[in-house]
Structure formats: structure tokens, C-alpha cells
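> Take this sequence and fold it.
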Amino acid sequence: MDEKRHSLRFDTASYIAGKFEIEREVKGQFRNFQPFIIKNISIGGFNLLSNFSPAVGQCLQISIPYEKKNYNFEIMVVHSRIYKFTPKAGSVLKADIIYSLGCEVTKFNESQKILAMKIIEKDCKHPEPAPLDSSEPV
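Take a look at the predicted model:
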């Protein structure tokens, strides 16, 4: 018997909507060895902080070492802006202008999707549970 649904159903084990802010530092580098830090992540893209500022629309290769394995991605820069100027060098970035880069993953495979889900699960801030209203029944 075919069941007709009014709404599209997602496989909740693999579909994650939205973007997530990184709580612990997750680093990587561009193919030209310029380092970056992942600021936000979603299944289809990243927001990176870097001293390197590629052109909007440019496709680049990046690598992210994670749990003793190196993951390679092909990304396209969809926006770039100055994030801040920092007078002190950090663990990855130099004392200089830091750019915020919005990047879309252009070629996506299963291992990259699994990495994104691991980072979201282990390294991202999760929303605080909403407080229970004492007037509402539980």
C-alpha cells in the first residue's frame, strides 16, 4: 500500500539543516599552504577565517586534518569580507587582516559529508534547551 505524505521526509541520521558555530578550533589549509580556522560549518559549506583573501567566485582546494586523517574539499568562495585586524598572532593566523570567507563545497562525497557531521557533533556549540514553563503541563 502506497502512503501519500503531505510533507517531504528526511533521513534524520544524515540530514542536518542550518549552520553551526565551531566551539573548539578546527584548522585547515588552502592548497597554497595558507592556514585557516573554520568559524561556522554546514553540510554544504564553511565560513573560514584566514589571512588569505581569494577572489569571490574562485574555486580552491582545501584540506582539513581531523582525527588523524586528511580530508580534501573543492570549494567556491561565495563571499569575502574583512573580519577584523588582529595585532597579535594566534595559534594559526598571523598578526594582520583576517578575512571571513563564505565557501560552498562544489564536489561533495560521502566521507566529506561524514566529516562535516562529526565536526558538527563534536566541535560545535549546541543550542541550550529551552527552559520549561512551569505553567505548562509536562
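> Low-confidence stretches in the chain?
1-18, 127-138 (pLDDT under 70).
> Leu48: neighbour count?
If you count neighbours by other Cβ atoms under 10 Å, Leu48 ends up with 25. In short, each C-beta sits where N, CA and C put it, glycine included.
> How about the one 3 residues further on?
Other residues within reach of Asn51 by the criterion other Cβ under 10 Å amount to 17.
> List the contacts of it.
34-35, 93-94, 96-99 (Cβ atoms under 8 Å, 6 or more residues apart in numbering).
> Apply 10 Å and report the result again.
The contact partners of Asn51, by Cβ atoms under 10 Å, 6 or more residues apart in numbering, come to 34-36, 86, 89, 92-99.
> My read is that Ile64 contacts Glu25, right?
No: Ile64 is beyond contact range of Glu25, at 12.0 Å (criterion: Cβ atoms under 10 Å).
> which neighbours do the two share?
Shared contacts of Ile64 and Glu25, counting by Cβ under 10 Å, 6+ apart, come down to Ile38.
> the more surrounded of the two?
Using other Cβ under 10 Å as the criterion, Ile64 and Glu25 rank with Ile64 on top: 20 against 12.
> The strand or helix carrying the more buried one: which residues count as buried?
Using DSSP states H and E, Ile64 falls within strand 59-66. Applying a neighbour-count criterion of 16 or more other Cβ atoms under 10 Å, one finds 60, 62, 64, 66 buried in strand 59-66.
> Great, nothing more from me.
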